[in-house]
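Asks: Okay, predicted coordinates and the sequence, questions at the end:
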Amino acid sequence: MNNLIGINIENYKIVSLLGKGGMGIVYKAYDTKLDRYVAIKMLSPQNNDNERFTERFKREAKNQAKLMHPNIATVYGFIEYESLLGIVMEYIDGDSLEKIIYKRKRISLVDSLYIIQQVLKGLGFAHSKGFIHRDIKPSNIIFNKDGVVKIMDFGISKSLHDKGMTKTGAKVGTLYYMSPEQVRGGDLTIQSDIYSVGCTLYEMLVGEPPYYNQTDFEVMEGHLKKEQQKISKLIIGMPEEVDKIIAIAMKKIPEERFASCEEFFVSLSQLDKIIQSIQAKAPTFENKNQNKTKVKIYSIAGFSAFILIVLGLSYFIYSQVHELLASNKLEELKKYSIQSLFDDKKDFDFSKIQKLSTNINYTLNSAFFIDELKGFAIGDSGSFLVTNDEGNTWSSKKIDSSNSFNDCYFFKSGKSFLVGNKPEILISNDFFDTFTKFTFNDNFSLLRIVFFNNKNGFALGSKGTLLKTQDGGTSWTKISLSTNETLYDIEFTDKENGFIVGWQGILLRTTNGGANWETEKPFTNKYLKSLSFSSDDIGIAVGGSGDIFRTDDDGTNWKEVKTNHIGSFQKIKFLSEDIVLGVGSKGTIIFSNDAGETWKLIETGVFVNFTNFCSTPKGHLYIVGINGTLLKLI
């Protein structure tokens with residue numbers, strides 16, 4: 001089947017070989033209809049005459065097609081080519097958990113909890129639909145470029161209601177992660193998957209599976225008769241609660257394990273709270289032998305000095321504040337309000353993060369504030385949220401639940417725009433109390449919309465789509481480009497010069513206000529998600545692979561800036577000439593106060609993927625993400 005490379009099967013062009021397994025070969029292919037890459041698993045020809053094996057293969061497609069969940073690799077369809085059978089699946093361009101463990105030796109407790117919780121969400125969904133996986137292990141857990149966990153290979157999954165598809169006594173799974181009942185070849189249940197998740201979590205924290213011995217017999221004996229070593233004894237500082245949770249997940253008797261993935265998830269969430277509580281408690285040191293009289297004297301002296309300092313500062317403020325208010329420097333100071341959140345001399349102040357209630361579980365893709373009070377947040381399944389009180393409360397509007405919105409733009413006058421996965425722009429003059437649609441006779445998605453003044457704006461998206469308006473959004477024209485790649489972001493450095501970034505490192509440049517665009521020499525082959533420029537010809541571009549690139553000559557030359565982040569960056573923005581902020585996967589914020597020369601990675605403790613953010617005129621930040629996440633940084 002290796003000679004399929006370069007062949008077209010229906011609307012799929014086979015591009016390359018991804019891997020081989022017991023059931024067949026997996027290819028990377030390009031979907032010419034929907035402009036995306038897919039993975040196609042082709043059944044080995046020698047198995048085609050095996051009716052039972054073919055039935056199992058078809059069952060895989062049917063089973064996984066029922067499992068539509070963010071943490072499960074999606075099945076798109078089923079194909080037949082000559083004597084070959086194939087499943088068309090989501091192509092995930094990322095590393096497996098197995099590879100990450102190999103590279104990093106061990107994974108931190110915080111990251112491990114974040115990963116396993118996503119696994120449990122996807123696995124719990126599969127269980128709710130009546131399917132058990134039967135082969136959960138690190139190599140079947142993949143991360144996409146946004147850091148989202150995807151469970152792979154439901155090829156040996158089994159319906160809880162199917163009978164007779166697996167012979168009694170057959171061992172299905174991988175030895176290091178097999179439950180005792182799998183080792184015995186007995187009936188498998190939800191608890192069998194939970195045992196395998198426990199083994200996987202153990203390996204993430206320790207660096208090897210629970211019973212990592214030389215012979216298969218010793219491994220099986222471990223699963224059947226032995227207790228796993230306590231991680232708290234192996235890893236200094238590991239909370240004993242970790243041992244308790246893994247011990248429950250890996251009980252020898254299935255009925256003694258967690259009753260469901262949800263119950264397992266809750267235990268991990270409680271552990272998460274314990275960890276955050278421990279981190280929040282700063283160590284205090286007390287000299288028990290201190291002379292209490294001396295302490296009292298020093299306290300009085302210190303308080304007196306404090307009073308004198310306050311009086312001095314009060315006089316200074318009184319004498320200076322009128323001059324400040326009378327000047328135009330106050331507006332200039334506003335842009336530095338965000339810097340107080342990221343003081344290099346101290347850790348990030350987590351008390352300044354306010355989690356806002358949205359009452360939705362859909363991914364939010366963009367937010368926009370027209371002033372300090374009124375703002376909007378939009379996202380998947382037609383999500384449209386409005387606040388009039390600085391984000392304290394949000395109300396939903398029903399716009400179009402069949403569309404997933406990717407970006408928005410609002411003017412103070414009420415004129416507003418929405419773009420999403422449909423080839424249309426939604427336009428309103430009253431903040432979407434009413435609206436009309438500007439529809440295009442084509443098949444593309446729009447990912448970004450921006451206006452650079454009241455008249456001139458752009459919208460861009462898949463299939464090299466770039467739309468321009470010169471009349472405030474009343475009419476739109478499509479600009480011809482020399483690329484069909486997906487375009488993610490656009491930025492102008494002045495009225496004439498601008499840049500667009502996109503898939504596979506595409507970089508476009510205009511020198512005439514966006515009327516024409518030329519393809520620049522790419523400085524990376526990985527996709528670029530966002531870019532931003534200061535007025536000093538300094539630009540920053542970030543990508544889905546966690547890359548940061550910087551230019552200090554108005555985009556002529558770009559250099560990579562190294563960080564230790566493993567994941568993706570979704571949005572970058574200059575907040576002033578020196579201050580740059582970005583957000584990405586796993587609740588990460590990146591911050592620079594030297595125009596992008598050096599970066600500080602801040603793990604916020606909010607373990608979700610951030611998708612975008614916006615700032616208000618006074619410097620308040622609103623960050624949006626998956627599962628209805630909306631944060632305010634005050």
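Replies: Structure received.
Asks: Helix or strand with the lowest mean pLDDT in the protein?
Replies: When the helices and strands of the chain are compared on mean pLDDT, DSSP states H and E, helix 329-334 comes out lowest with a mean of 38.
Asks: Show me what secondary structure element comes after it.
Replies: Using DSSP states H and E, the helix or strand that follows helix 329-334 in sequence is strand 353-355.
Asks: Arg106 contacts Val206, doesn't it?
Replies: Yes: under the criterion of C-beta atoms under 8 Å, Arg106 makes contact with Val206 at 6.6 Å. Bear in mind the C-beta positions are built from the backbone N, C-alpha and C, glycine included.
Asks: Look at those two and report which has more neighbours.
Replies: A direct count of neighbours by other C-beta atoms under 10 Å for Arg106 and Val206 places Val206 higher, at 20 against 16.
Asks: who's in contact with that one?
Replies: Each residue near Val206 by C-beta atoms under 8 Å, 6 or more residues apart in numbering is listed here: Arg106, Ile231, Leu234, Ile235.
Asks: Can you tell me the element the first one falls in?
Replies: With secondary structure defined by DSSP H and E, Arg106 is part of neither a helix nor a strand.
Asks: Skip the chain neighbours and tell me the closest residue to it.
Replies: Gly207 (4.5 Å; C-beta to C-beta, 6 or more residues apart in numbering).
Asks: Then the third one?
Replies: If you skip the residues right next to it in sequence, Leu234 has Val206 as its closest partner in space, 5.9 Å away by C-beta to C-beta, 6+ apart.
Asks: quick one: which of the contacts of Val206 is nearest to Glu520?
Replies: Ranked by distance to Glu520 (C-beta to C-beta), the contacts of Val206 are led by Arg106 at 41.3 Å.
Asks: Pop out the phi and psi values for that closest one.
Replies: According to degrees, to the nearest 10, the main-chain angles of Arg106 amount to phi -140, psi 160.
Asks: just checking, Lys105 touches Gly207?
Replies: Yes: in this structure, Lys105 is within contact of Gly207 by C-beta under 8 Å, at 5.0 Å.
Asks: contacting residues for the nearest residue to Lys33 once chain neighbours are set aside?
Replies: Nearest non-adjacent residue to Lys33, counting by C-beta to C-beta, 6+ apart: Asn11, 4.5 Å away. Listed by C-beta under 8 Å, 6+ apart, the contact set of Asn11 reads Asp31, Thr32, Lys33.
Asks: Same list, those, but as a markdown table with secondary structure please.
Replies: Below are these laid out as a markdown table (DSSP: H, G, I helix; E, B strand; the rest coil):
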| residue | secondary structure |
| --- | --- |
| Asp31 | strand |
| Thr32 | coil |
| Lys33 | coil |
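Asks: what pLDDT does Gly19 get?
Replies: Predicted confidence (pLDDT) at Gly19: the value is 77.
Asks: Ala541 too?
Replies: With respect to pLDDT, Ala541 scores 96.
Asks: shouldn't it be in contact with Glu560?
Replies: No: the criterion here is C-beta under 8 Å, and Ala541 misses it with Glu560 at 9.9 Å.
Asks: Looking at those two, which is more packed in?
Replies: Per other C-beta under 10 Å, whichever of Ala541 and Glu560 has more neighbours is Ala541, with 29 against 13.
Asks: before we move on, the earlier item: any chance you could read off phi and psi for the residue nearest to Leu234?
Replies: Main-chain torsions, Val206, degrees, to the nearest 10: phi -100, psi -40.
Asks: State the distance from it to Lys99.
Replies: Plainly put, Val206 is 17 Å away from Lys99 if you go by C-beta to C-beta, to the nearest Å.
Asks: now Lys137
Replies: Plainly put, Lys137 is 13 Å away from Lys99 if you go by C-beta to C-beta.
Asks: Specify which residue of the two has the higher count of neighbours.
Replies: Taking other C-beta under 10 Å, Lys137 and Lys99 do not tie; Lys137 has more neighbours (23 against 14).
Asks: Just the local confidence number for the more buried one, please.
Replies: Lys137 is given a pLDDT of 92.
Asks: residue ranges for the helices of the stretch 101-250 of the chain, please.
Replies: Applying DSSP state H, counting those that start in this stretch to the stretch 101-250 of the chain gives helices spanning 109-128, 180-184, 190-206, 216-225, 231-234, 240-249.
Asks: deepest of the ones you listed, which one?
Replies: Of the helices of the stretch 101-250 of the chain, the one with the most neighbours on average (mean count of other C-beta atoms under 10 Å) is helix 190-206, at a mean of 25.
Asks: how many degrees apart are that helix and helix 216-225 in direction?
Replies: Put simply, helix 190-206 runs at 110 degrees to helix 216-225, going by axes from the mean of the first three to the mean of the last three C-alpha atoms, to 10 degrees.
Asks: Let me know the angle separating helix 190-206 from helix 109-128.
Replies: 160 degrees.
Asks: what inclination does helix 190-206 have with respect to helix 240-249?
Replies: Angle between the axes of helix 190-206 and helix 240-249 is 150 degrees (criterion: the same axes, to 10 degrees).
Asks: tell me the mean pLDDT over helix 190-206?
Replies: 95.
Asks: quick one, what contacts Glu577?
Replies: Going by C-beta under 8 Å, 6+ apart, Glu577 touches Ser534, Ser535, Asp536, Ala595.
Asks: Select only the buried ones of those residues in ChimeraX?
Replies: Here is the ChimeraX command that selects the buried residues among the contacts of Glu577 (16 or more other C-beta atoms under 10 Å):
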select :534,595
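Asks: farthest pair in the contacts of Glu577?
Replies: Ser535 and Ala595 (10.9 Å).
Asks: residues near Ala39, how many?
Replies: 22.
Asks: For it, which three-state class applies?
Replies: Under three-state DSSP, the three-state class of Ala39 is strand.
Asks: wait, isn't it in contact with Lys28?
Replies: Yes: counting by C-beta under 8 Å, Ala39 does reach Lys28; the two are 6.2 Å apart.
Asks: Find the residues that touch each one of these two.
Replies: Residues within reach of Ala39 and of Lys28 at once, by C-beta under 8 Å, 6+ apart, are Leu18, Tyr91.
Asks: Compute the first-to-last residue distance for stretch 539-547.
Replies: End-to-end distance for stretch 539-547: 14 Å, by C-alpha to C-alpha, to the nearest Å.
Asks: Run through the residues that contact Thr358.
Replies: Going by C-beta under 8 Å, 6+ apart, Thr358 touches Leu364, Ala377, Leu385, Trp394, Gly628, Thr629, Leu630.
Asks: What is the nearest of those to Glu241?
Replies: Nearest to Glu241 among the contacts of Thr358: Thr629, at 25.7 Å, using C-beta to C-beta.
Asks: Neighbours of that closest one, how many?
Replies: Neighbour count of Thr629, defined by other C-beta under 10 Å: 22.
Asks: again with the one 3 residues further on
Replies: As a burial measure, Lys632 scores 18 neighbours (other C-beta under 10 Å).
Asks: That one in helix, strand or coil?
Replies: strand.
Asks: That one and Thr358: what is the separation?
Replies: Applying C-beta to C-beta, the value for Lys632 to Thr358 is 12 Å.
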